[in-house]
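[1] structure for this input, please:
(3 chains)
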Amino acid sequence: MLLGCNNTASNSNINYNQQLASEPGGTMIDAMIGEPSGLIAMIAGEASAAQISAQIFNTLLTYNKDLDIKGELAESWSVSDDQKTITFTLKPNLKWSDGNPLTSEDVLFTWQLVTDEKTRSPYGADFQLVKQATAPTPLTFQVTYEQAYAPALDSWSGLQILPKHLLKGKDIHTTAFAQKPVGSNYYKLDAWQHGENIKLSRNQNAVLGQANIEQLITRIIPDKSAQFLELMAGNIDRMGLDPIKYSRIIPARPALQEKLNLYKELGNSYTYMGFNLKHKPFDDIRVRHAINYAIDKQEIIDGVYLGLGINIASPYKPGTRWSNPDLNPYPYNPSKAKALLKAAGFTDTDGDGILERDGKPFAFEIITNQNKEREKTAVLIQRRLKSIGIAVKIRAIEWASFISRFIKTGDFDVVVLGWGLGLDPDQYSIWHSSQQEPGQFNFVGYNNPEVDRLLEAGRTELDPDKRQKIYHAFAKVLLADSPIVYLSAGYGLSAMHKRVQGTIDPIPPAGSAYDAQKWYIPSAYRSNQISAE
Amino acid sequence: MLIGISLISFFIMHLAPGDITDNEASFDPKSSEESRAQLRKLYDLDKPVIVQYGLWLKRMVTLDFGKSFASHQKPVFWQTTDKDGNVTKGMIQQALPITLMINIIGLCITLLLAIPLGILAATHYQQWQDRSITLFNFIGFSIPGFWLSLLLMYWLGVVNNWLPISGLHSINYESLDTWAKIKDSVSHLIMPVIIPSVTGLAGITLFVKNGMLDVLGQDYITTARAKGLSEHKVVYQHALRNALLPLITIIGLSIPGLIGGSVIAETIFAIPGMGKLFYDAVLMRDFPVVMGILTIGSALTLVGNLVADVAYAWADPRVRRGVMRN
Amino acid sequence: MHNNLLSRILANPLAKAGFIIIAIVFALAMLAPWISPYDPNAINVKAILFAPSWQHWMGTDGLGRDVLSRMLHGGRISLLVGLVAVGISTAIGVVLGALAGYYRGWVDTVIMRIVDIMLSIPSFFLILAVIAFLTPSIINIMIVIGLTSWMGVTRLVRAEFMSLSQREFIQASKTLGAKDARLIFTHLLPNSLTPIIVSAVLGIASAVLMESGLSFLGLGVQAPESSWGNILTDGKEYIQFAWWLSVYPGMAILITVLGYNLLGEGLRDALDPRSDAQE
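    Below is the predicted model of the structure:
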């Protein structure tokens, strides 16, 4: 078994369906398409970096399985009466993986780093609102905001705490620390084979206790189809799937289904079609409503997501407290759409099947980035709009050009895109009228004083019930205004080899990967493992 | 020459409407335009174009391609050592040997196959051997490489489990003994080396065949035959040597094609070589890496051509004399 | 001349096979609007990924579109990309090659320097970078492939012109005071046509392959426009399941490129004076 990393014939007969007892050890292998540039999340920026660094570093706060804030490095925290000061108390005896103590000095140092101009962190904005930060004792860390800031706790759940003793005085952009980080979480970096794999192993000093699985290996496999072949061959244990793989390919192969558990969970994201509100005729609310009625969202969910999506009416994950249950999506109603367009002055004067206003045909271009699902969605929209007399062209553009050439310049009519959201309901940066500069996120040019007021109020209101009312009202205005057409909230789909056990069933609100440190690989299923050390 | 290359690579960079800051932080609602402006300044993207070109030229001459935009810490070309003695390997330094190795092995295999096939086709000109070799070559040359790769990955890696599907090493490579390490590396290299060579095979076989046909028609071969030398001797001692000479030049010329062709194979087989590095850099708008690879790739070609010229001169007595006279 | 060329092609078995393949492929692509059983963009969400059957000879894709119809229409794009790209590279190559070969001197030096520079840069890298930066569209792809593959033609035409210029009838016309343009267009160019045609035909073959490679990297012809390259790329994700999505476009590319290569090499044989001698 020297070359034993392959799934040899002998273990293809193993029955993976028995539930075995939890025990430490084993190796889990997953794959990613791109390699992180470094493992300091606050400057690396890519999703791949965040995914690995989250195994290595801790945050002050985190979310529990029902998505309520709980302490991670912090034992407790308290908010002052004026809502402007938060005091965190750290758990005692915290240690870095190199054995040095982890104290509030490290937290303060991390805050200084993320807000330092020289760091140029894309994630600095939240933390720059902190007027003053102090570490009065080794176990206390205190921040004071200029004014009450509701998303504050959420922001601290996203800041990975870095070790002061290794980074003080170093240039964060060039330090070798990014290639060999030292953290405090369940795992530490073992080896990083550039372009091939990243190996993590258990951190003996982990502040939150010991994880079960001994080694986590992430292979870098840029091509998704190659990745899926590796999953089929049993060489990787886990990967994300698209709807066709999830509901067609795997179910069609009993041998594969024997080995894999499939996961389906609603993500905190949605797909939409956004109008450039500065372009005619999208400034006309009747036109926006007409297009909204003319698009069959269920058809998109069935055709593109094979039923694995949900029709939505507010920009929040359905079923959470921020999502307004009283709102309903625009139904598919082409005759209403036609009536609205007629009211807006569009008629087919020359009989070519395309509507005109002032002699100009109603035609526009939908742009989207290169994403199979979005391209297909655009094609379905194109067909529906054609049937009510609107000529649509589609253009799929590679991401960097898409952003710089079309979104930043505002040189587009309609986009099909998605928003991935955080857990805090604040959407100031997406909808507030002040956020329309090139490169800012309100690129559709939405401007509604009432929404502005609600978003401002929501940011400073810390009472969850009052906040909920504010955001429900916000979603209602947004739906009525229809600056974007909600298309669907898609499910996140993934497959994991059955030899990895200990996942929570049913999937908790925090996701299938919640408490992944409790996953384990029973030794009977470790046949394709490296013997540890 | 190098100035030309530098101009072209610089010009290409400035076709790009996007810059690094579009990809690095963009479209995460948490990153602000202000921080992106800071990034742009860090990388001199706010300076006038001519100044940027000056900086670039200076760097090219000193082989200092600066640091990557997209992965802040990494030097583009060669390793750097910081004041604490930590060595950061250069991106090209890491990627180049892999691509070179794969291409050199691939080229050797191609030659080992192409020369005998070419001779066979020439000696059996217009017979079934020639026809089937020609047909096989044409099919190999015409098939989309990534498609063939995926089919073979599925067949050899999933259905039969004979070869690893992707990557350069098994994950337990470090713990293997030397013999197993060699076996592991070889098995990982089989598909990525052989599939691209199939494409090159056609051209070189044809070249050898035509060269042989030319030479076999020459007077001195006829003379040799007339002298009663065996056909074997005629072909292998007299004709082959002369037919193979021009091959040296062809190999020199094929270098840029080989390096360029590595993009697709490296992406599909998850190999961290020059092609993959370049493709990523293009998508990330990582200008220093793109420019560095274009320059190093071109320099390699120049070196390759030089080596080919020297080898040609060494191998061909006529040219050798010509050189002497000059 | 034309009859002559055609009969020569048909006399050579390689060229004949290639010619027939290309003729059939072109005929199918040309007739696509009339012979396609379905609208290539007609969606049917109830018929996603159907295997080949009597209704859909080549099955359906991820949006229930008929693969055969998309193949026929995609063929138009793939063939067009090949033709236009090579048209551009041949035009540039002929002009620069003619200038260099006819005028010699510094013109030649400058042009050949540019050729050397272009030849030393890995051209696929160049294409990749330029297309990514300019955003991939059919037009950009054709132009960029054209602009990066003219060097071979330039060298060829230059060499041809140089050897022709030495010939007596050219020298004679020159001394008689014939205009440069007249010489080039009536004497030199027609006489170097053969190698130009051969290299153009072979060039189309590699342009078609190039487009499929670019599609694989996401930089080829973009959806919803179909080309063989992007149908194949769509299909590669499901190669073990919906085999019809990758096998048919893969075979189409293979056969077409094969056809061009056979035709090119066959032409070279057929038009090569050396092979005349052997017959």
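
[2] what's around the residue in chain B positioned nearest to chain A, how many residues?
    The nearest approach of chain B to chain A comes at residue B:272, 2.1 Å away (CB to the nearest CB). Every residue, glycine included, has its C-beta placed from N, CA and C. Neighbour count for residue B:272, taken as other CB atoms under 10 Å in any protein chain shown: 23.

[3] so it sits right up against residue B:98, yeah?
    Yes. The pair residue B:272 / residue B:98 is scored as a contact, 6.4 Å apart, by CB atoms under 8 Å.

[4] got any residues that touch both of those two?
    residue B:168 (CB atoms under 8 Å, 6 or more residues apart in numbering or on different chains).

[5] and the strands in the stretch 401-533 of chain A?
    Along the stretch 401-533 of chain A, the stretches classed as strands by DSSP state E, counting those that start in this stretch are A:414-420, A:484-497.

[6] nearest residue to residue C:115 in space, please, no chain neighbours.
    Nearest residue to residue C:115, sequence neighbours excluded (CB to CB, 6 or more residues apart in numbering or on different chains): residue C:151, at 4.8 Å.

[7] where exactly do the helices run in the stretch 101-250 of chain C?
    C:105-120, C:123-134, C:138-147, C:151-165, C:168-175, C:180-182, C:189-191, C:193-216, C:228-236, C:244-271 (DSSP state H, counting those that start in this stretch).

[8] so how far is the helix or strand harbouring residue B:205 off the chain centroid?
    Using DSSP states H and E, residue B:205 sits in helix B:178-216. The chain centroid and the centroid of helix B:178-216 are separated by 13 Å, computed with CA atoms, centre = their mean, to the nearest Å.

[9] just stretch A:127-140 next, same as before
    Relative to where its chain is centred, stretch A:127-140 has its mean C-alpha point 28 Å off (CA atoms, centre = their mean).

[10] hmm, that stretch in reach of chain B?
    No. Stretch A:127-140 lies apart from chain B when judged by CB under 8 Å from any CB of the partner chain; the minimum separation is 9.0 Å.

[11] what comes up buried for that stretch?
    A:127, A:129-130, A:133, A:135, A:139-140 (16 or more other CB atoms under 10 Å in any protein chain shown).

[12] what is the rounded mean pLDDT of it?
    Stretch A:127-140 shows a mean pLDDT of 92.

[13] contacts for that stretch next, please.
    Against stretch A:127-140 from outside (CB under 8 Å, 6+ apart): A:87-90, A:92, A:101, A:103-105, A:107-108, A:111-112, A:114-115, A:141-146, A:149, A:152, A:155, A:159.

[14] same thing but at 6 Å, please
    A:89-90, A:103-105, A:108, A:111, A:114-115, A:141-146, A:149 (CB atoms under 6 Å, 6 or more residues apart in numbering or on different chains).

[15] where does chain A dip in pLDDT?
    Within chain A, the segments meeting pLDDT under 70 span A:1-13, A:45, A:122, A:527-533.

[16] nearest to chain B: which residue in it?
    residue A:195 (2.1 Å).

[17] same question, chain C
    Nearest to chain B, among the residues of chain C, is residue C:124, at 3.1 Å (CB to the nearest CB).

[18] was I right to think that residue contacts residue B:260?
    Yes. With contact defined as CB atoms under 6 Å, residue C:124 counts as touching residue B:260 (3.1 Å).

[19] stretch B:154-167 near chain A at all?
    Yes. Stretch B:154-167 reaches chain A (CB under 6 Å from any CB of the partner chain) through B:157-158, B:165-167.

[20] from these, which ones fall inside strands?
    Among these, none falls in strands (DSSP state E).

[21] and those, which two are the farthest apart?
    Pairwise distances across the residues of stretch B:154-167 next to chain A peak at 14.7 Å for B:158 and B:167 (criterion: CB to CB).

[22] more crowded one of those two?
    The neighbour comparison of residue B:158 against residue B:167 (other CB under 10 Å) goes to residue B:167, with 25 against 19.

[23] pull the contacting residues for that one.
    Applying CB under 6 Å, 6+ apart, the residues near residue B:167 are A:196, B:270.
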